[in-house]
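**Student:** okay, predicted coordinates and the sequence, questions at the end:
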Protein chains: 2
Amino acid sequence: MHKTIKIAVDAMGGDGSPKKVIDGIIHHYKNNLDSFYKIFGDKNEINKCLQDFLPTTCYEIIHTEDVVKGTDSPLEGAKRGKKTSMWLAIESVKENESDIVISAGNTGALLVISKLNLKMIENIDKPALSALWPNKTGMSVVLDLGANIECSSKNLIDFSIMGSSLFKSLYPNDNAKVALLNIGTEEIKGNEVIKETYQKISQRKNLDFEFKGYIEGNHLMNGDVNVIVADGFTGNIALKTAEGTANFITSELKKAMTGNFIGKLSSLLNITNLSKFKKRLDPRLYNGAIFIGLNSPVIKSHGGTDYIGFSNSLSVCSKIVKGNLIEKIRNNIK
Amino acid sequence: MHKTIKIAVDAMGGDGSPKKVIDGIIHHYKNNLDSFYKIFGDKNEINKCLQDFLPTTCYEIIHTEDVVKGTDSPLEGAKRGKKTSMWLAIESVKENESDIVISAGNTGALLVISKLNLKMIENIDKPALSALWPNKTGMSVVLDLGANIECSSKNLIDFSIMGSSLFKSLYPNDNAKVALLNIGTEEIKGNEVIKETYQKISQRKNLDFEFKGYIEGNHLMNGDVNVIVADGFTGNIALKTAEGTANFITSELKKAMTGNFIGKLSSLLNITNLSKFKKRLDPRLYNGAIFIGLNSPVIKSHGGTDYIGFSNSLSVCSKIVKGNLIEKIRNNIK
């Protein structure tokens, strides 16, 4: 029999909350009947959205009126105190009352409050922000995306271990293939930290992943590797550049496809294929950054996503708990 | 009356040379009758490609059989000596016999041989590799793309000045708007070098460009800025990630558009619009990296491009010479 997965949900973060959060929970529950949601936020507002859509046995509302604002600096967010929906949700995993915590609120505040409340996994020096990227054959885990601007080789090795453990939790049937994001594939390319990391990983034995050396930006989406490791500055630049390029191309395509009658007609004709294409690139599919390295994973859903995106982030939560992510990292970091 | 623009052409570099180089010259000459080409390479092979397509007054062949190979390391390329087509072409600008030099050959060797032969522009510490990127309203200059992995704030300021001078040479009617590639737009974001650069540029007077602060990867193609500055590691990651993302999306699109009969039919119907779209993103349009900071600009055409791409790189050469790039940099760097 499956164990119940207890998810602590900050209901008040992100645009259109709590409605999109509650709608996301309702949508997620349909395919995840083993879930229990501890929902933190304004009881009246939450109940208005919940109506009778969920069995009362699968959730609990912990009322609070304090919230971290999207415009708060990380420190301002933390200083709003221990009664905000975000703080209480994080505290719930600290007290072992929940297995994992999720918020669509202020990213910086989420990281700071998590670090204040949760301990690091033993032997990990810095936590990292990771996310999922599409590639030609499936999905990749990419980290760090901005939590650590300067990284040592020890940090990058930790990220490799955490990233491959995350990949294995999400895709238990696949092997993790790790590469370091670099500006060339020859051993001598790159800065000192990255070269040192390459050497140290190559010498390491009993790795739980296949080490594929360096990967360049233009091969990130080929699918030859599925865990991509970088310092937070580089990872953030790569992630956002990919996002900007995707937006640019799809907007140019839209212009071309709807510019005249023929364009409109043929787009109409081709609507199934085009919507398949859009679905493949739908950012809601990849929604949810995962903050790993603390003794509980913390999931960040995008502030601007809708209930489908939030529901997908909840699915990531379910998979991570079922995949025993933290235990995997502990076993591999030794 | 226009002055003749003398272009030193390494005819032997890149895939399919010298044919694609010579075809590129023939194509370029049609719209650039003020050009004179000094062509370096194997006379027999070059003459076979030239036939009678060009007036004999607009070119000169300087025969040599030595070539730098695509597989040479930068040093191996340089050690092939002073009789390679690449070395002789570069020497031609050193001796003021040509205004600018272009090669589709080995990038690393081109940079090393250029640095060995050409002096730095006074007050510039490091040369940079720059390129053109499309954006929603036109084109941007991006630099450095990998010539300098570690950069000081002085280097990044030099890059801003060189990049804006290059932009003004290529687009004399537009204003240069410079931004530093970073992981956030607030003043406090980023590493120490980038923050110092921000401060120093903000305090500087008599700038020839508008300083727009930081730009994030997802806004690179919005067109709000047209000169994007980064250290060589970051710039290379961004450029290649954009390239990889573009390839990934267009291949997914192709799959969607040709997956079944309806897809094929509507693509056929929409062929004009789709080819407009393809044209807008055609990498041959942006072909040609520009190595700046030496007292002559050195143009690198992509090794894998065809004659159209090479011809576009020759057009960049023409514009740079007409725009007095080196003089512009000298005036602005003071």
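**Tutor:** Received, thanks. Numbering: from 1, shown residues only, chains lettered A, B, ... in the order given.
**Student:** gap between residue A:168 and residue A:58?
**Tutor:** Distance, residue A:168 to residue A:58, by CB to CB, to the nearest Å: 28 Å. Backbone N, C-alpha and C define where each C-beta goes, glycine included.
**Student:** settle it for me: which of those two has more neighbours?
**Tutor:** In this view residue A:168 and residue A:58 are compared by other CB atoms under 10 Å in any protein chain shown, and residue A:168 has more residues nearby, 22 against 15.
**Student:** just the pLDDT for residue A:12.
**Tutor:** In this model, residue A:12 is scored at 96, pLDDT.
**Student:** what sits against it?
**Tutor:** Residues near residue A:12 by CB atoms under 8 Å, 6 or more residues apart in numbering or on different chains: A:18, A:21, A:40-42, A:67-68, A:84-86, A:105.
**Student:** same question, residue A:43
**Tutor:** If you count contacts by CB under 8 Å, 6+ apart, residue A:43 has them with A:61, A:63.
**Student:** before we move on, what about residue A:314?
**Tutor:** Residue A:314 touches A:7, A:9, A:24-25, A:28, A:32, A:35, A:102, counting by CB under 8 Å, 6+ apart.
**Student:** what helix or strand does it sit in?
**Tutor:** Here residue A:314 is covered by helix A:307-322, with elements defined by DSSP states H and E.
**Student:** for the helix or strand following that helix, name the packing helices and strands.
**Tutor:** Beyond helix A:307-322 on the C-terminal side, the first helix or strand identified by DSSP H and E is helix A:325-333. Judged by 3 or more CB pairs under 8 Å, 6 or more residues apart in numbering or on different chains; DSSP states H and E, helix A:325-333 is in contact with helix A:153-170.
**Student:** hang on, the earlier thing: filter the contacts of residue A:314 down to the ones in strands?
**Tutor:** A:7, A:9, A:35, A:102 (DSSP state E).
**Student:** which residues does residue A:214 form beta bridges with?
**Tutor:** Bridge pairing for residue A:214 (DSSP bridges) gives the partners residue A:180.
**Student:** that one touches residue A:188, doesn't it?
**Tutor:** No: if you go by CB atoms under 8 Å, residue A:214 and residue A:188 don't touch, sitting 10.4 Å apart.
**Student:** tell me where the stretch 101-250 of chain A has helices.
**Tutor:** Ranges of helices within the stretch 101-250 of chain A are A:107-117, A:153-170, A:192-203, A:232-258, based on DSSP state H, counting those that start in this stretch.
**Student:** to residue A:210, which of those lies closest?
**Tutor:** Closest approach to residue A:210 among the helices of the stretch 101-250 of chain A is made by helix A:153-170 (8.9 Å; CB to CB).
**Student:** in CSV, could you pull the C-alpha coordinates for that closest one?
**Tutor:** Extracted in CSV, the C-alpha atoms of helix A:153-170 (Å, rounded to 0.1, in the frame of the first residue of the first chain):
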residue,chain,number,x,y,z
SER,A,153,34.8,22.6,-7.6
LYS,A,154,33.4,21.0,-4.4
ASN,A,155,30.1,22.9,-5.0
LEU,A,156,29.9,21.7,-8.6
ILE,A,157,30.6,18.1,-7.6
ASP,A,158,27.8,18.4,-5.0
PHE,A,159,25.5,19.8,-7.7
SER,A,160,26.3,16.8,-9.9
ILE,A,161,25.4,14.4,-7.2
MET,A,162,22.2,16.3,-6.2
GLY,A,163,21.2,16.8,-9.8
SER,A,164,21.6,13.1,-10.7
SER,A,165,19.7,12.1,-7.6
LEU,A,166,16.9,14.4,-8.6
PHE,A,167,16.9,13.0,-12.1
LYS,A,168,16.7,9.5,-10.8
SER,A,169,13.8,10.4,-8.4
LEU,A,170,11.8,11.9,-11.3
